[in-house]
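**Q** curious how this folds, go ahead:
(one chain, ligands or ions: 2)
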Amino acid sequence: MLAVAVLAAGKGTRMKSALPKVLQPLAGATLVERVLASARNLQPERRLLIVGHQAERVEQTLSALGGLEFVLQQPQNGTGHAVQQLLPVLQGFAGELLVLNGDVPLLRPETIEALVHGHRSSGADVTLLTARLADPTGYGRVFVDQQGQVTAIVEHRDCSDEQRRNDLTNAGIYCFNWTALASVLPKLSTDNDQGELYLTDTVAMLPKAMHVEVGDSDEVNGINNRNQLAQCETLLQERLRDHWMAEGVTFVDPASCTLSEGCQFGRDVVIEPQTHLRGACSIGDNCRLGPGSLLEDAILGSDVTVLHSVVREAKVGNGVAIGPFAHLRPAAEIGDDCRIGNFVEVKKSQIGQGSKVNHLSYIGDAELGSDVNIGAGTITANYDGVRKHRTVIGNSSKTGANCVLVAPVSLGSQVTIAAGSTITKDVTDGALAIGRSRQANKPGWADRTG
Ligand code: UD1
Ligand code: MG
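**A** Ligands and ions are numbered 1, 2, ... in the order given. Next comes the predicted model:
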């Protein structure tokens, strides 16, 4: 039987942030979500989250995940004190307790599985994850005897110069035999530089402490400051890009692009420089994204190009060209073979197959049929100052340049709207509508005023 506890009560003083450290975002997910995800494969019996600093905010953010037991640590007097809060909660529990620091977000699920497996096969009271780091500054140092058993963990700030030369560091990930841990937890003392109760001190109190050294030391990066946050973001982005390159995505300049874990790509997608994908994006085969584009929760069919544009919560069919400098906003639905061109904004509108909105337009709360041609500068005036209204345009209709369609208004199919019109009344199928004042020419004007 396995219980997982994530330590997430600390403030994260070194981040100097109004946001609790464990809620800092990394490639689109919070630190603590990533930590929880790394233990998901183990299917633990219980999942406990120790909260304290801004507990309500942390609980609120994570309650949607479901199945979490929140345990309050108040005040926050160290990692040992945090785990002491589990004594009443896990009374009578007779299994392993996997403890994960909430600020170690790059762990691979396989690494945690190997730790739990190693623990079970050695029969130790505790097995912890260690890493040899080129720069171990700030980490607890792990001391091991000749039999390979861990004798002590000493925090960086409590180490002598000699001890600091030991590069074997504590990752902050432990698999305990809960009954053994519960018997030593009450004996912790605050006899250290920070005057806190350290979980790491339990290791020297337990009869058999083992460690498993991680192969890729990047996995155990702990995040205590913004610099480490940025380093982890870089590593995660590398992992994501490497994964998708292996799946057939081309990055022209990988380091200048970022992805989120929720992105899916088809084959032969080309991602040009300075292009960023966030949230849950789904990109079909042969799309070309960028340079200079931002996509968030965007669903694109195949053969779509997005050039210097922003696409958010929008759905795009096959063979669509977007941009340069277009903005597709939430609930924009663009049909196959459409063209959404320069300086065009589309919001909450359906645009039918083969339609074109090429230049300088705003299309909001509208429904366009197929093969519609929207002239340069055409605007749907969807807002009367109080409410939004819809514009409907039938198949094969076209608007001249600089038209205003004042909603609610409906144009039939094969309608033509004369350039410069302000349309306030519905137009029937096949009609021409002109809604502007007639031009008056005054011959000889220059002579009179000259
Ligand atoms: C800790 C370890 C150190 C290890 C490093 C790995 C201790 C004493 N030290 O140091 O050996 O090398 O992690 O990254 O454990 N937390 C609470 N309640 C508290 C204090 C902290 O829940 O009262 C949580 C924090 O939110 C954080 C985690 O515990 O998620 C670790 O705390 P942090 O202060 O970052 O410990 P480190 O100094 O990094
Ligand atoms: Mg830390």
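
**Q** contacting residues for the closest residue to ligand 1 within the chain?
**A** Across the chain, the shortest distance to ligand 1 (Cβ to the nearest ligand atom) belongs to Gly140, at 2.2 Å. Where C-beta positions appear, they are placed from N, C-alpha and C, glycine not excepted. If you count contacts by Cβ atoms under 8 Å, 6 or more residues apart in numbering, Gly140 has them with 153-156, 169-170, 172, 200.

**Q** at 7 Å what do you get?
**A** Neighbour list for Gly140: 153-156, 169-170, 200 [criterion: Cβ atoms under 7 Å, 6 or more residues apart in numbering].

**Q** contacts with ligand 1 among those, please.
**A** 153, 155, 169-170, 200 (Cβ under 6 Å from any ligand atom).

**Q** now the helix or strand containing Thr380: buried residues?
**A** Secondary structure assignment for Thr380, by DSSP states H and E: strand 379-381. Buried residues in strand 379-381, counted by 16 or more other Cβ atoms under 10 Å: 379-381.

**Q** stretch 422-437 too?
**A** Those would be 423, 427, 433, 435, for stretch 422-437 by 16+ other Cβ under 10 Å.

**Q** which residue, other than its chain neighbours, is closest to the residue of the chain closest to ligand 1?
**A** Nearest residue to Gly140, sequence neighbours excluded (Cβ to Cβ, 6 or more residues apart in numbering): Asn170, at 3.9 Å.

**Q** gap between the host helix or strand of Glu33 and the chain center?
**A** Assigning secondary structure by DSSP H and E places Glu33 in helix 31-38. The gap between where helix 31-38 is centred and where its chain is centred comes out at 12 Å by Cα atoms, centre = their mean, to the nearest Å.

**Q** equivalent analysis for stretch 167-176, please.
**A** With Cα atoms, centre = their mean as the basis, stretch 167-176 stands 27 Å off its chain's centre.

**Q** what mean pLDDT does it have?
**A** For stretch 167-176, the mean per-residue pLDDT is 98.

**Q** what does it rub up against?
**A** With contacts defined as Cβ under 7 Å, 6+ apart, stretch 167-176 is touched by 96-101, 104, 107, 112, 115-116, 119, 125-133, 136, 139-142, 144, 153, 200, 214, 220, 222.

**Q** buried subset of the residues you listed as a PyMOL selection?
**A** Selecting just the buried residues from the contacts of stretch 167-176 in PyMOL takes one command, with 16+ other Cβ under 10 Å as the test:
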select buried, resi 96+97+98+99+100+101+104+107+112+115+116+119+125+126+127+128+129+130+131+133+136+139+140+141+142+144+153+200+214+220+222
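
**Q** and the stretch 51-200 of the chain, which residues reach ligand 2?
**A** Residues of the stretch 51-200 of the chain found near ligand 2 (Cβ under 5 Å from the ion) are Asp103.

**Q** show me where the stretch 51-200 of the chain has strands.
**A** Here the stretch 51-200 of the chain has its strands, by DSSP state E, counting those that start in this stretch, at 68-72, 96-101, 126-132, 141-144, 150-154, 168-177.

**Q** export the last one to CSV, keeping only CA atoms.
**A** Provided in CSV are the C-alpha atoms of strand 168-177 (Å, rounded to 0.1, in the frame of the first residue of the first chain):
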residue,chain,number,x,y,z
LEU,A,168,26.2,13.7,-3.5
THR,A,169,23.0,15.7,-2.9
ASN,A,170,19.5,15.0,-1.6
ALA,A,171,16.8,15.4,-4.2
GLY,A,172,14.0,15.8,-1.7
ILE,A,173,12.2,12.6,-2.8
TYR,A,174,11.9,9.8,-0.2
CYS,A,175,10.2,6.5,0.1
PHE,A,176,9.6,5.7,3.8
ASN,A,177,8.3,2.8,5.6
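
**Q** contacts only, for Ile379.
**A** Counted by Cβ under 7 Å, 6+ apart, Ile379 has contacts 361-362, 404.

**Q** now Ala376: closest residue in space, sequence neighbours ignored.
**A** With sequence-adjacent residues excluded and distances taken as Cβ to Cβ, 6+ apart, Ala376 is closest to His359, at 3.9 Å.

**Q** what's the neighbour count on the one you found?
**A** 15 (other Cβ atoms under 10 Å).

**Q** what is it paired to in the beta sheet?
**A** According to DSSP bridges, the residues that bridge with His359 are Asn342.

**Q** so it sits against Gly341, correct?
**A** Yes - His359 lies in contact with Gly341 (Cβ atoms under 7 Å); the separation is 5.6 Å.

**Q** what do the two both touch?
**A** What both His359 and Gly341 touch, as defined by Cβ under 7 Å, 6+ apart, is an empty set.

**Q** next structured bit after the helix ranked longest in the chain?
**A** Criterion DSSP state H: the longest helix present in the chain is helix 226-246. Elements were assigned by DSSP H and E; along the chain past helix 226-246, the next helix or strand is strand 249-251.

**Q** just the buried residues of that next one, please?
**A** Buried-residue list, strand 249-251, by 16+ other Cβ under 10 Å: 249, 251.

**Q** show me what contacts the residue nearest the centre of the chain?
**A** For the chain, Gly28 is the residue whose C-alpha lies nearest the centre (Cα atoms, centre = their mean; 1.3 Å). Listed by Cβ under 7 Å, 6+ apart, the contact set of Gly28 reads 260-262, 278-279.

**Q** need those residues in CSV (columns: secondary structure).
**A** CSV is the format used below for these (DSSP: H, G, I helix; E, B strand; the rest coil):
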residue, secondary structure
Ser260, coil
Glu261, coil
Gly262, coil
Arg278, strand
Gly279, coil
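
**Q** relative to Glu272, how far out is Leu240?
**A** For Leu240, the distance to Glu272 (Cβ to Cβ, to the nearest Å) stands at 17 Å.

**Q** my guess is Asn382 meets Pro408, correct?
**A** No - at 8.9 Å, Asn382 does not count as touching Pro408 under the criterion of Cβ under 7 Å.

**Q** out of these two, which sits in the busier spot?
**A** Neighbour comparison, Asn382 and Pro408: the larger count goes to Asn382, with 23 against 16 (by other Cβ under 10 Å).
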